[in-house]
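here's my sequence, what's the structure:
(one chain, ligands or ions: 1)
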Amino acid sequence: SSADVLICGAGPAGLVLGNILRAEGIRCLIVERQSRAHVESRTRAGFLAANSVRILSENGLAEGLHTNGQHHDTCVFRGDHGEFELKYSGLGRGEIHTVYPQQDLVRDLIAEFLNRGGEIRFATEVQEIDPHDAALLLADGSRLTGRFVAGCDGQRGVSRQAVPAQVYHWDHGISWFALLAQAPPSMAAVMYAIHPNGFAGHMARTATITRYYLQVPPGFDPDAWSDKEIWDELHVRMRADQHGELRTGPFVERRVVDMTSHVMDPIQHGTLFLAGDAASLISPSAAKGANLALMAAEVLARALATQINLGDAQPLIRYSAEVLPRIWRAQEFSHWMIDLLHGPFGNDSDSVFLRSLQRARLESLRDSRAHQDFFAENYIGV
Ligand code: FAD
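Just a heads-up that it's a prediction; the model follows:
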């Protein structure tokens, strides 16, 4: 191939990386297992932090986001203490979220990458990566070679396997039933409901689509409940009788997401560099995955451009050291969020102890301005 950088995977990480590299005049080729239609309709994340919006804006990738994205600056916590609201535009650094569905962002990024003269091979699976020769081995037996490889192939990709690293894995032992309802949001804010039956969450996506989450036991069958049973449980956990009815509609997507995290160290080997979910998987409790993917993609793009265009290898050598502390900060906050939102079930002494800590944590967040500022900085920050 005539590409300097071969990018494995056309998710947010690979596409932002490719777009920045193209703007620097660097030849790159993206190889993506799925079809274009598939990746452009894959619903996942939606909440973009201020740093992500900055990265996209500074690199000419934010037109759709600025036209169609919605600003969010409030989250609400509900529980047996009642309800309190944190308006984070007035806390911490005063930053907000922009909600823009991930599939729309991916669609914009693909169009712009092609516009910048990049090449994408869809429906082409990478089977193995050779980190010494910067080579991709494809499923059809052919081999592509470049100068560098970016492993942006997500949590189930192949690039991680080519990096001999420590993998730190954590299973929180909690699963979320992730639902997309064809229904308008029930409120403007993100809502986190803490209930003895388990956690429930509400996040606006668009005027007609809303994401809901229900904590379920690991191994839960996403088809076990009817739409009505799901709405009934959401009403109970969100205490709709006290705080107002939810706006219902059919569920157009049901998926069980396990709260697991993993971090690799280092996230580079030879000519291969990992970014996004390939480098670290974060539980979705604090909605940070796509934001970390964009953060790493920007750092990697600058490092590759410095090497290729200026002959300076230092930023690439330092890539893992630059990115990993920021990944760990996000992991720490996401872990804290999990403890905030989920108490153990049961009435044995250990469970009651941990639930009492959870309650104290919530009360501190409700009452302490310093705690709220710290929360806001970490909730929006990467
Ligand atoms: P991906 O988006 O997974 O892209 C990897 C690409 O590589 C895919 O297109 C895949 O097909 C391709 N690929 C894989 N293997 C191969 C191969 N062998 N050969 C070629 N191509 C390959 N994050 C947030 O920040 N905010 C949120 O609100 C949020 N909500 C979420 C809700 C849900 C239900 C889920 C599941 C995730 C959520 N996330 C959220 C996480 C976020 O979606 C991911 O962190 C993000 O997609 C990571 O981007 P990526 O580019 O690293 O990987």
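
low-confidence ranges, this structure, go.
Residues of the chain meeting the criterion pLDDT under 70: 1, 382.

grab the most central residue of it for me.
Nearest to the centroid of the C-alpha atoms of the chain, with distances taken as Cα atoms, centre = their mean, sits residue 289, at 2.2 Å.

how far away is the residue lying closest to that one once chain neighbours are set aside from residue 218?
Distances taken as Cβ to Cβ, 6 or more residues apart in numbering put residue 282 closest to residue 289, at 5.3 Å, once the chain neighbours are dropped. The way it works is simple: take the backbone N, C-alpha and C, and place the C-beta from them, glycine included. Taking Cβ to Cβ, to the nearest Å as the measure, residue 282 falls 18 Å from residue 218.

neighbour-wise, which of the two wins?
Comparing residue 282 with residue 218 by neighbour count (other Cβ atoms under 10 Å), the higher total belongs to residue 282, at 26 against 13.

what number of residues lie near the nearest residue to residue 62 once chain neighbours are set aside?
Excluding the flanking residues, the one nearest residue 62 by Cβ to Cβ, 6+ apart is residue 56, at 4.0 Å. Residue 56 is flanked by 27 other residues according to other Cβ under 10 Å.

my read is that residue 145 contacts residue 134, right?
Yes. Residue 145 sits in contact with residue 134 when judged by Cβ atoms under 8 Å, with a separation of 6.1 Å.

please enumerate the shared neighbours of those two.
residue 6 (Cβ atoms under 8 Å, 6 or more residues apart in numbering).

still on that earlier bit, who are the contact partners of the residue nearest to residue 289?
Taking Cβ under 8 Å, 6+ apart as the criterion, residue 282 is in contact with 261, 288-289, 292, 327, 330-331, 334.

apply 6 Å and report the result again.
Shown in contact with residue 282 (Cβ atoms under 6 Å, 6 or more residues apart in numbering): 261, 288-289, 334.

so which of the residues you listed reach the ligand?
288-289 (Cβ under 6 Å from any ligand atom).

among the contacts of residue 282, who's most crowded?
Compared across the contacts of residue 282, residue 288 has the highest neighbour count, 28 neighbours, by other Cβ under 10 Å.

if you drop the residues flanking it in sequence, what lies closest to whatever residue of the stretch 101-250 of the chain ends up closest to the ligand?
The ligand sits closest to residue 154 of the stretch 101-250 of the chain, with a gap of 2.7 Å, by Cβ to the nearest ligand atom. Among residues not flanking residue 154 along the chain, residue 277 sits closest, at 4.4 Å (Cβ to Cβ, 6+ apart).

swap in residue 130?
residue 137 (7.0 Å).

just confirm that neighbour is within a strand.
Yes. Per DSSP: H, G, I helix; E, B strand; the rest coil, residue 137 lies within a strand segment.

surely it is in contact with residue 126?
No. Between residue 137 and residue 126 there is no contact under Cβ atoms under 6 Å: 7.0 Å.

which bits of the stretch 251-382 of the chain sit near the ligand?
When proximity is defined as Cβ under 6 Å from any ligand atom, the stretch 251-382 of the chain approaches the ligand at 255, 257, 276-278, 284, 287-291, 293.

buried subset of those?
By neighbour count, with 16 or more other Cβ atoms under 10 Å, these hold 257, 276-278, 284, 287-291, 293 as buried.

quick one: which two of these are the most distant?
Greatest spatial distance in these: 278 and 287, 18.8 Å, computed using Cβ to Cβ.
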